[in-house]
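In: Please work out how this folds:
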Amino acid sequence: MDSATRLRVGVDAEGATRAVELRCEVPQLLRVTEAVGRGFPTLQVHLVGGAAGPLGGDRWALDLDLAAGSRVCLRSVAASMAQPDPHGRSSEAAVRVRVGAGAVLDAWPEPIVSVRGSHHTLDVALEVERDGDVRWVDEVILGRHGEVPGTVVLRQRLTEAGRVRVMSEVRLGGDPGAASFGQHGPFRAVITAVGRFDGPSGVVLGDGGARAVRCALGEGWSTWTGVGDGRAPVWRLLAALGLER
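Out: Numbering: from 1, shown residues only. Down below sits the predicted model:
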């Protein structure tokens, strides 16, 4: 299944962020859930599953366009499950985001769960104008309880005023004969993020081998990566490094 969802927002005469264009196709739908703050400067939207997926062979595109000065908080109502199909095809989600000057995007969706036999790619491209602000967080759970996961590829690219700030690719997954689920060891929960945060790089270690790192990129940008056996312990470590849920 090929599908596309698009949201374009602007700012009205009273300074409120409003949806100018909203078009959705299953399996992922966008719903405006709340306008936050006096004058509604921040628009909150949620991703809502309209069908099971992503399934092998699915191609889903999400396009977000934030006009100058607008503010959007993006969340989702539930985790997504990357599932295989009988032909072993991969699924792909391509996210394209444009953040105008002075605009703010805070995106922290629920995780993608990698089901055994699935092959999923999440490709996120963020284009930020100078003075724009973005925080984008991706979470992956490798397998359901007691399950060997499929494979997941996470790509994050961030450009600011045409200059590349981040270009990363993380490959996760395993099979019964593998010694590790991926480059981050035998952990089920993997969280990666990029956003504005100034300060030195740092590492925090937790119980059970959980760990998190923040890499300062200079000029106010950072990336975060956290791994552990569950999401909550990783959240706590990332919060100690400035990435609070």
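
In: can you pull out the helices in the protein?
Out: All helices of the chain, identified by DSSP state H, fall at 231-240.

In: Go ahead and flag the most central residue of it.
Out: residue 138 (3.2 Å; Cα atoms, centre = their mean).

In: For the spatially closest residue to that residue that is not a sequence neighbour, give the beta-bridge partners.
Out: The spatial neighbour of residue 138 that comes closest, neighbours along the chain excluded (Cβ to Cβ, 6 or more residues apart in numbering), is residue 192 at 5.2 Å. Glycine gets a C-beta too; all of them are placed from N, C-alpha and C. Residue 192 has the following beta-bridge partners by DSSP bridges: residue 138, residue 225.

In: and residue 192, how many neighbours does it have?
Out: Counted with other Cβ atoms under 10 Å, the neighbours of residue 192 add up to 21.

In: ok, so what distance separates it from residue 227?
Out: From residue 192 across to residue 227, the span is 10 Å (Cβ to Cβ, to the nearest Å).

In: circling back: so the residue nearest to residue 138 is in contact with residue 225, correct?
Out: Yes: Residue 192 is within contact range of residue 225, at 5.2 Å (criterion: Cβ atoms under 8 Å).

In: what do these two both touch?
Out: residue 170 (Cβ atoms under 8 Å, 6 or more residues apart in numbering).

In: Quick one: residues contacting the residue nearest to residue 138.
Out: Residue 192 touches 137, 138, 154, 156, 168, 170, 223, 224, 225, counting by Cβ under 8 Å, 6+ apart.
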